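# starting from these lines, generate the structure:
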Amino acid sequence: MNNTRVLIVGAGGFIGGFIARESLRRGYETWAGVRATTSRRFLDDPRLHFMTFDFDDPASIAETLASEPAFDYIVYNLGATKCANFADFNRINYQYLKDFTEALRQADRVPGRFLYMSSLSALGPGDEKGYTKMTSRMIPQPNTRYGTSKIKAETVLDIASWLPWIIFRPTGVYGPHEQDYLMMIKSIDRHWDFGVGYRRQLLTFIYVEDLATAIFDALEKAPAHRKYIISENRAYTQTQFRRIVAELLGRRFVIPVRLPLWTAWIASVVAEKIAAAKMQASTLNSDKFKIMKQRNWDCDISDAVNDWGFNPRHSLREGLAITIDAYRKEKEGGKKC
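Numbering: from 1, shown residues only. This is a model prediction of the structure:
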């Protein structure tokens, strides 16, 4: 183990577990920043250290940080993609980050590099006429609650010149244990492929291990105060995605079903209202509808390539092969995927 110390805030989820694994693989002293209620399903490596935060008590964050020496790298991966109470997007995605960065300064624990996990959704819709690629320099115009909360969080860092931050805006992240793309895989496994809208849609993806690798490559090599789009360097149509998944599953016949946008909108509104009445977050909601409606997710990764040699190792087919293999094993074992 080398002397580099890493804190991963929001380490308990799908992406966080892979970030922790990559950090350990590099020989870093790795700390998982979690809440008391965080599941440790993906954090079972005995080499991990834990730091427990109460993000609803801002004063305690500085005290917790002060209990350890400053970290070389901090990866801030904490966030919410769907909320039962829409105000929680602002509380979790914006206010928690603001409180955490202020605590770093208060506790005198400013790291050597700080990487914030934003989202491509922070940029809003791309060019849906000429299908030009989205770039890191385009003016953000988010059209979802989630995307708005992410760009608002980015502004916290924009004015924090004292913090050597890097911002990642990853596209669709997939891999073993991820749930949204798993729903699509399960549907194709049952011989159905549901899509929304009739116009051409370009989709982009990044395999979770490539994202984790990119995080530490950037922390080690990228200049501070830069924002990067993270994606495989090509786009796919819904048909291409379906064919790859079907081939990997061994499904010769898959029925593509294209629904008009208005039916998806109605379904999203109804699902969101039912979930709100139950005080639960709904996978299908108005944000999800706007994401499904968006036709162009193609993006330019040249800044990351030029600045620190970003080069994702897995094509969509290769990443999906690993993902589907994990799905099959968990399906056979009767476990939750």
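# CA atoms only: put stretch 229-243 into PDB for me.
Output in PDB follows, covering the C-alpha atoms of stretch 229-243 (Å, rounded to 0.1, in the frame of the first residue of the first chain):
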ATOM      1  CA  ILE A 229     -17.900  14.700 -20.100                       C
ATOM      2  CA  ILE A 230     -17.300  11.000 -19.400                       C
ATOM      3  CA  SER A 231     -18.600   8.500 -22.000                       C
ATOM      4  CA  GLU A 232     -17.600   5.800 -24.400                       C
ATOM      5  CA  ASN A 233     -16.400   7.500 -27.600                       C
ATOM      6  CA  ARG A 234     -19.400   6.600 -29.700                       C
ATOM      7  CA  ALA A 235     -23.200   6.700 -29.700                       C
ATOM      8  CA  TYR A 236     -25.700   3.900 -30.200                       C
ATOM      9  CA  THR A 237     -29.300   3.800 -31.400                       C
ATOM     10  CA  GLN A 238     -32.000   2.000 -29.400                       C
ATOM     11  CA  THR A 239     -32.000  -0.700 -32.100                       C
ATOM     12  CA  GLN A 240     -28.300  -1.300 -31.800                       C
ATOM     13  CA  PHE A 241     -28.600  -1.500 -28.000                       C
ATOM     14  CA  ARG A 242     -31.500  -4.000 -28.300                       C
ATOM     15  CA  ARG A 243     -29.500  -6.200 -30.800                       C
END
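# what average pLDDT does that stretch get?
For stretch 229-243, mean pLDDT is 95.
# give the buried residues for that stretch.
229, 230, 231, 232, 235, 236, 238, 241, 242, 243 (16 or more other CB atoms under 10 Å). Where you see a C-beta, it was placed from the backbone N, CA and C, and this is true even at glycine.
# over to stretch 27-35?
Buried residues in stretch 27-35 (16+ other CB under 10 Å): 28, 29, 30, 31, 32, 33, 34.
# any idea of the mean pLDDT for that stretch?
97.
# contacting residues for the closest residue to residue 174 other than its chain neighbours?
Spatial nearest neighbour of residue 174, chain neighbours left out: residue 181 (4.3 Å); criterion: CB to CB, 6 or more residues apart in numbering. By CB atoms under 8 Å, 6 or more residues apart in numbering, the residues touching residue 181 are 172, 174, 323.
# then residue 268?
Neighbour list for residue 268: 284, 285, 286, 288, 289 [criterion: CB under 8 Å, 6+ apart].
# now swap in residue 187 and tell me
193, 194.
# so how far is residue 274 from it?
Per CB to CB, to the nearest Å, residue 187 is found 21 Å from residue 274.
# strands of the stretch 51-200 of the chain, start to end?
Remark: strands assigned in the stretch 51-200 of the chain by DSSP state E, counting those that start in this stretch are 73-76, 113-117, 165-170, 172-174, 192-196.
# gap between the fourth one and the chain center?
Offset of strand 172-174 from its chain centre (CA atoms, centre = their mean, to the nearest Å): 7 Å.
# one step back: now, which of the buried residues of stretch 27-35 lie within strands?
If you go by DSSP state E, these have 29, 30, 31, 32, 33, 34 in strands.
# tell me where the stretch 51-200 of the chain has helices.
Ranges of helices within the stretch 51-200 of the chain are 58-66, 87-88, 96-106, 145-158, 180-189, based on DSSP state H, counting those that start in this stretch.
# what is the orientation angle of the third one with strand 113-117?
Looking back up the chat, that one is helix 96-106. 170 degrees (axes from the mean of the first three to the mean of the last three CA atoms, to 10 degrees).
# dump helix 96-106 to PDB, restricted to CA.
Below are the C-alpha coordinates for helix 96-106, written out as PDB (Å, rounded to 0.1, in the frame of the first residue of the first chain):
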ATOM      1  CA  TYR A  96     -25.100  18.600   1.300                       C
ATOM      2  CA  LEU A  97     -22.200  19.500  -1.100                       C
ATOM      3  CA  LYS A  98     -22.200  23.100   0.000                       C
ATOM      4  CA  ASP A  99     -22.100  22.100   3.700                       C
ATOM      5  CA  PHE A 100     -19.400  19.500   3.000                       C
ATOM      6  CA  THR A 101     -17.100  22.000   1.200                       C
ATOM      7  CA  GLU A 102     -17.600  24.600   3.900                       C
ATOM      8  CA  ALA A 103     -16.700  21.900   6.500                       C
ATOM      9  CA  LEU A 104     -13.500  21.100   4.600                       C
ATOM     10  CA  ARG A 105     -12.400  24.700   4.900                       C
ATOM     11  CA  GLN A 106     -13.600  25.000   8.500                       C
END
